[in-house]
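[1] Need coordinates for the below:
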Amino acid sequence: MSKLHEIFQGVNLLEYSNKAKALRTFYFIGVSPLIIAYYAAAFYPGYLTADSLYMLSQGAGLQPLSNWHPPFITMVWGWLFSLFKSAGGVWLIQVSLYVGAVIFFVTRLSSTTVATIVFALLLLYPPIFTNMAALWKDCWVISTTLICAAYSIEAINSKKISPLLFCTALFIISSLIRIDYAIIALPFLLSAIAFGYGNKPHTTINSFFNRRSFLLVLAVMIAFVICTKIIGTRVVDKFNPWLSVAIWDIAGTEKNSTPETSVPGYKCSTSDPLVFGENRKFDINLPEHSAGTDRKQESKKYLKLWLSTIVSNPLAYAKHRICVGKSFLALGTDEVHYPYPAAEMSKSSLTQHAERSALNLERYWFYDENAHGPMFRYWYYIASCLIFLGLYVIAKRISAIQMAAFLSVILAASRFLILPAADFRYGLWIVIGTIAFAALLFDRLFDYSEKSVRADAPD
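    The predicted structure is shown next:
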């Protein structure tokens with residue numbers, strides 16, 4: 001009888017859990033229009049930065065499509081602009097996509113308590129909220145990566161093929177929006193492949209090397225290459241965006257080679273003065289002003305110079321990139337570099353001129369005073385992840401998806417080695433990934449407590 005009672009109790013708990021999840025999802029979806037309205041009241045029609053204005057002008061057909069920024073997201077913006085006839089409409093889609101991604105992620109969590117807290121954090125936490133004010137490709141890629149993470153959770157839990165395929169698709173989309181996000185989304189894809197469809201729970205690391213996993217990874221790579229080639233055929237102006245990084249590295253290595261060396265325009269926080277400003281170090285082809293040289297020869301020339309500079313003085317290069325890393329993580333710096341977009345949108349025929357709304361002004365007293373505090377300093381998030389990981393490893397409670405979230409955050413932080421600037425927006429995933437990592441860690445703990453309460457409750 002006791003065994004039968006346990007079975008019926010398990011069925012009742014499952015039914016209760018399914019109803020609770022459905023009700024929770026309904027609640028989150030019901031609240032989402034209010035969240036979008038709150039964003040719109042504060043920021044509509046969204047801020048245009050120099051990058052987003054250039055991308056939107058290409059998408060709108062006012063300038064030829066180039067590869068200085070990823071052409072995939074430029075084309076998406078262009079299609080949306082043709083529908084809404086303003087940047088405000090495109091920005092609202094950006095906000096709606098992010099709200100939808102958050103809902104999709106939190107509804108993959110088991111604990112209602114954790115899901116509700118994470119829902120509020122991901123949508124209203126100041127570093128995220130303020131940066132969502134700009135029309136940025138960074139705001140789009142965090143949404144697709146968060147959905148990729150959610151499908152990874154579903155693939156591992158369900159062991160079905162459909163969430164794995166969706167996880168693969170979102171990995172490709174994230175990589176097309178920002179190529180460096182491939183390494184950020186990769187842990188989620190690999191965990192879905194290794195521990196998802198066709199693999200038993202608690203599969204060993206050998207599952208990464210079985211035939212099915214190999215074929216899936218190969219298929220993903222082939223699909224990504226095909227998509228890249230197809231989109232590349234639409235590009236009219238072909239540049240080499242890597243040159244801005246190369247110029248920064250060359251200048252930084254030169255600056256750190258000897259203490260007395262002076263390199264006008266060099267900063268650890270951004271390469272812009274050396275690439276675009278008055279202190280341009282080299283005359284290279286740029287979207288704003290083309291030097292008229294052969295671009296393939298130009299790339300070869302600076303690749304050779306970049307390699308010879310680093311090889312001749314690797315210690316100076318390391319000092320430069322460590323300085324960049326400290327600026328990016330805001331470790332020991334006086335300020336956080338560009339914590340959120342400027343308050344005014346550039347005047348353009350593409351959109352209406354925007355200034356801070358009354359709500360925006362009321363809220364920014366808090367953001368402006370805290371923009372260089374702990375919330376906007378990435379090293380606090382990295383330290384938190386390391387502490388949590390250590391505790392869970394000691395307790396032997398770390399799972400595949402939790403480890404994937406941790407690796408995703410660490411890989412996002414490691415991008416200071418390749419980034420062309422230390423802008424806060426480049427590391428938005430560090431904030432979101434840390435919240436997701438904490439959510440996955442606490443989800444089991446709170447879900448176990450909630451199930452215990454329900455099990456002890458009278459029938």
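[2] neighbouring contacts of the strand or helix carrying Lys301?
    Taking DSSP states H and E as the criterion, the element that holds Lys301 is helix 295-312. Surrounding helix 295-312, the residues in contact under the criterion C-beta atoms under 8 Å, 6 or more residues apart in numbering are 238-240, 242-243, 246-247, 249-250, 253-254, 282, 284-285, 291, 317. Any C-beta I mention is one placed from the backbone N, CA and C, and that applies to glycine too.
[3] What is the nearest of the residues you listed to Phe446?
    Of all the contacts of helix 295-312, the one sitting nearest Phe446 is Trp242; the distance, using C-beta to C-beta, is 44.9 Å.
[4] which residues touch the closest one?
    Taking C-beta under 8 Å, 6+ apart as the definition of contact, the neighbours of Trp242 are Ser299.
[5] circling back to that earlier point, in the helix holding Lys301, what's buried?
    By neighbour count with 16 or more other C-beta atoms under 10 Å, helix 295-312 contains the buried residues 295, 298-299, 302, 306, 309-310.
[6] thinking again about what came up before, I'd like to know which of the contacts of helix 295-312 are buried.
    Members of the contacts of helix 295-312 that pass the buried threshold by neighbour count (16+ other C-beta under 10 Å) are listed as 239-240, 243, 246-247, 249-250, 253-254, 282, 284-285, 317.
[7] Helices - which of these land there?
    The subset of those located in helices under the criterion DSSP state H comprises 243, 246-247, 249-250, 253-254, 317.
[8] Same list, those, but as a markdown table with pLDDT please.
    Putting those into a markdown table (pLDDT from 0 to 100) gives the following:
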| residue | pLDDT |
| --- | --- |
| Leu243 | 92 |
| Ala246 | 95 |
| Ile247 | 94 |
| Asp249 | 97 |
| Ile250 | 95 |
| Thr253 | 95 |
| Glu254 | 93 |
| Tyr317 | 97 |
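[9] would you turn these into a markdown table with distance to Thr233?
    Supplementary listing: these in a markdown table, determined by distance: C-beta to C-beta, whole Å:
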| residue | distance to Thr233 |
| --- | --- |
| Leu243 | 23 |
| Ala246 | 26 |
| Ile247 | 29 |
| Asp249 | 31 |
| Ile250 | 32 |
| Thr253 | 37 |
| Glu254 | 39 |
| Tyr317 | 36 |
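[10] State the next helix or strand along the chain beyond the helix or strand of the chain with the lowest mean pLDDT.
    Lowest mean confidence among the helices and strands of the chain (mean pLDDT, DSSP states H and E): helix 358-370, at a mean of 70. Using DSSP H and E, the helix or strand that follows helix 358-370 in sequence is helix 378-394.
[11] Can I get that next one as PDB, trimmed to CA atoms?
    Listed in PDB are the C-alpha atoms of helix 378-394, where the atom choice follows Å, rounded to 0.1, in the frame of the first residue of the first chain:
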ATOM      1  CA  TYR A 378      32.300  42.800 -14.300                       C
ATOM      2  CA  TRP A 379      35.000  41.400 -12.000                       C
ATOM      3  CA  TYR A 380      32.400  41.200  -9.200                       C
ATOM      4  CA  TYR A 381      30.300  38.800 -11.400                       C
ATOM      5  CA  ILE A 382      33.300  36.700 -12.300                       C
ATOM      6  CA  ALA A 383      34.300  36.400  -8.600                       C
ATOM      7  CA  SER A 384      30.800  35.400  -7.700                       C
ATOM      8  CA  CYS A 385      30.700  32.700 -10.300                       C
ATOM      9  CA  LEU A 386      34.000  31.300  -9.100                       C
ATOM     10  CA  ILE A 387      32.800  31.200  -5.500                       C
ATOM     11  CA  PHE A 388      29.500  29.500  -6.400                       C
ATOM     12  CA  LEU A 389      31.200  27.000  -8.600                       C
ATOM     13  CA  GLY A 390      33.700  26.100  -5.900                       C
ATOM     14  CA  LEU A 391      30.900  25.500  -3.300                       C
ATOM     15  CA  TYR A 392      28.900  23.400  -5.700                       C
ATOM     16  CA  VAL A 393      31.900  21.300  -6.800                       C
ATOM     17  CA  ILE A 394      32.800  20.700  -3.200                       C
END
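[12] residues in contact with it?
    When contacts are defined by C-beta under 8 Å, 6+ apart, helix 378-394 is touched by residues 328-331, 374, 398, 402, 406, 409-410, 413, 427, 430-431, 434, 437-438, 441.
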